[in-house]
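S.K.: Kindly generate the corresponding structure for this input.
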Amino acid sequence: MASQPTSRVYSAAHFVLELGERERVGFLKSVEGGGYKAEHIVYQGGPAHDVFKQVSKPKLEDIKLQVGMAMSEVFYQWISAFFAGEVLRKHGAIIAGDFHYKERARRNFFDALIAEVGFPALDASNKNPCYMSVTLTPERMEFVRGSGSELDATVGTMIQKLWTASKFRFEIDGLQDACRRIHKVDAFTIKQKILESPAGLLRYPIRVPGRIEWPNITFQVPEADADPFIEHFVKHVVQGEPQEAARRGGIIAFLDHQGFELAELELRGIDIASVVPEKQDAGSDDIKSVKVEIAVESMEFVYGDAAQLE
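M.R.: Numbers count the residues shown, from 1 in each chain. Just a heads-up that it's a prediction; the model follows:
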C-alpha cells in the first residue's frame with residue numbers, strides 16, 4: 001500500500017515580493033515565469049542508428065510581475081533607477097502564500113535586473129484598478145519550501161484600489177489647453193535589452209544591461225481640440241521647419257480618486273509623429289476623436305507621496 005504524502009496541496013492565493021535582506025515590499029497581482037529549462041544536444045555518429053542526447057546548460061526564464069501602487073518605496077526607487085539608466089541589481093524572493101496567509105513556497109532570485117516596465121491603457125470611462133507590468137531578469141534562481149510564517153494581510157490592500165484607469169493627467173508643454181480633454185492613452189512598454197555573456201565553465205551566463213528603448217505614446221483627443229496638434233505637425237513635419245526648438249516636455253500623472261498624484265512620468269524631447277482621425281460612421285453617436293502619436297526621447301519615473309496614504 002502506498003504511503004500518504006506528508007505535505008498537503010494548497011492553492012497559492014497571495015504572492016509577496018521580497019527584496020534585499022528579507023524586506024517584504026508588497027503584494028503582487030500576478031507572477032509568471034521564473035522557471036528553469038534546458039535544451040537537448042543531439043549526437044549521431046556516422047552510419048550508426050543510435051542517437052545520443054545530452055542536456056545543455058540551464059536557461060532561466062524572466063519573471064513577469066503585475067504590480068500596482070501598493071508596493072513600498074524601495075521597489076519604486078528601483079523602477080526610478082531603471083528609468084535613469086542606473087545598473088542596480090537586486091536579490092529577492094517571490095513568496096507564495098495560501099488563503100490563510102501562510103508562507104508555503106518561495107523562489108529566491110539573485111542579481112536581478114529590470115528588463116521591462118509596462119504601463120496600462122488609461123481610459124476616462126474605465127473605473128477598474130490598473131497595474132504596471134515589470135519584467136525581471138535574474139542570473140540565478142532557487143526554489144525553497146515555505147517556512148509557514150504569517151504574511152501581513154494588510155500591506156497595501158486598500159491603497160491598491162486607489163489607482164484606476166480613469167484618473168490621470170496628460171500635459172505637453174505649450175499645449176496644455178489642447179490636452180485638457182485627452183480621454184484615452186494606449187498601453188506602452190519601456191524595454192531594456194539584457195545581454196548574456198557566457199564564460200568558460202560557468203553554469204549561468206553573466207547578464208548585463210543594454211540600451212533602453214523609449215516607446216512612442218499614442219493618445220486620443222476630441223476632434224474639437226486637435227487643431228494645435230495638427231498645426232504643430234504641419235509646420236514642423238509637412239512644411240519642414242526646424243524641429244529642435246519644437247521639442248517639448250510633458251508629464252503623465254497617475255492620480256488617486258481624490259486627485260493626489262500616486263506617481264508620474266516626466267517626458268522629455270516630445271515631438272508629434274502622427275495625427276490621424278479615428279474611423280467615422282455617419283450613424284454613430286460617438287464623439288469624434290483624433291489619435292495623436294508622439295515620439296519621446298527619454299522618460300523619468302517619479303514616485304508620489306499619495307501612495308503612502310490610507
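
S.K.: Quick one: the strands in the stretch 201-310 of the chain, in order.
M.R.: Ranges of strands in the stretch 201-310 of the chain, per DSSP state E, counting those that start in this stretch, are 206-213, 217-222, 248-255, 261-277, 289-295, 298-303.

S.K.: Redo these as TSV? Include mean pLDDT and distance to Val185.
M.R.: In this view, the C-beta of every residue, glycine as well, is placed from N, C-alpha and C. Output for the strands of the stretch 201-310 of the chain, formatted as TSV (pLDDT from 0 to 100; distance: least, C-beta to C-beta, whole Å):
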stretch	mean pLDDT	distance to Val185
strand 206-213	89	19
strand 217-222	94	5
strand 248-255	93	7
strand 261-277	91	10
strand 289-295	93	10
strand 298-303	94	14
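
S.K.: contacting residues around Ala105?
M.R.: For Ala105, the contact set (C-beta atoms under 8 Å, 6 or more residues apart in numbering) comprises Ala12, Ile95, Ala96, Phe143, Val144, Arg145, Gly146.

S.K.: give me that answer again for 6 Å
M.R.: Ala96, Gly146 (C-beta atoms under 6 Å, 6 or more residues apart in numbering).

S.K.: Tell me the spacing between the closest residue to Lys167 other than its chain neighbours and Val31.
M.R.: The shortest distance from Lys167 to any residue other than its chain neighbours is 4.1 Å, reached at Leu255 (C-beta to C-beta, 6 or more residues apart in numbering). For Leu255, the distance to Val31 (C-beta to C-beta, to the nearest Å) stands at 27 Å.

S.K.: Can you pull out the low-pLDDT segments for the stretch 51-200 of the chain?
M.R.: 153-161 (pLDDT under 70).

S.K.: Distance across stretch 222-233, terminal residue to terminal residue?
M.R.: 17 Å (C-alpha to C-alpha, to the nearest Å).

S.K.: contacts for it?
M.R.: Leu175, Ala178, Arg181, Ile272, Val275, Ile287, Lys288, Ser289, Val290, Val292.

S.K.: Thanks again, I'm all set now.
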